[in-house]
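Visitor: Based on what follows, work out the 3D shape:
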Amino acid sequence: MRTSKITMGAATGLTLALTLAACGDNGAEAEEPMPEELATETVDENSVALADAVGELAGDDARESFLRNWREHIDYFVDYAVAAEAGD
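Guide: The predicted model follows:
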């Protein structure tokens, strides 16, 4: 049952991370845009929580590797959102 709870938490964190990234892309259309710093901080907090879940299942080395690669992935996602907003 523990694995199910960790998996559900990881899925929730991933969903929130993607939602926040999308909010950053749509900020120009919102009446009160979410500050970029808050979105970035929240996405990173969720990335760390997701990496912690990986670490619980696979150990510290896997946690660190996952977090490094996940953060790089998020950077690419943000680059894509910024380019899409600019029409690039």
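
Visitor: Determine the set of other helices and strands touching the helix or strand Ala83 falls within.
Guide: Using DSSP states H and E, Ala83 sits in helix 60-86. Applying 3 or more CB pairs under 8 Å, 6 or more residues apart in numbering; DSSP states H and E, one finds that helix 60-86 contacts helix 2-26, helix 36-58. C-beta coordinates here come from the backbone N, C-alpha and C atoms, glycine included.

Visitor: For the ones you listed, which has the smallest mean pLDDT value?
Guide: For the helices and strands packed on helix 60-86, mean pLDDT drops lowest on helix 2-26, to a mean of 55.

Visitor: Now do the same for the nearest residue to Asp52 once chain neighbours are set aside: its pLDDT.
Guide: The shortest distance from Asp52 to any non-neighbouring residue, by CB to CB, 6 or more residues apart in numbering, is to Arg63 (6.7 Å). Confidence at Arg63, expressed as pLDDT, is 97.
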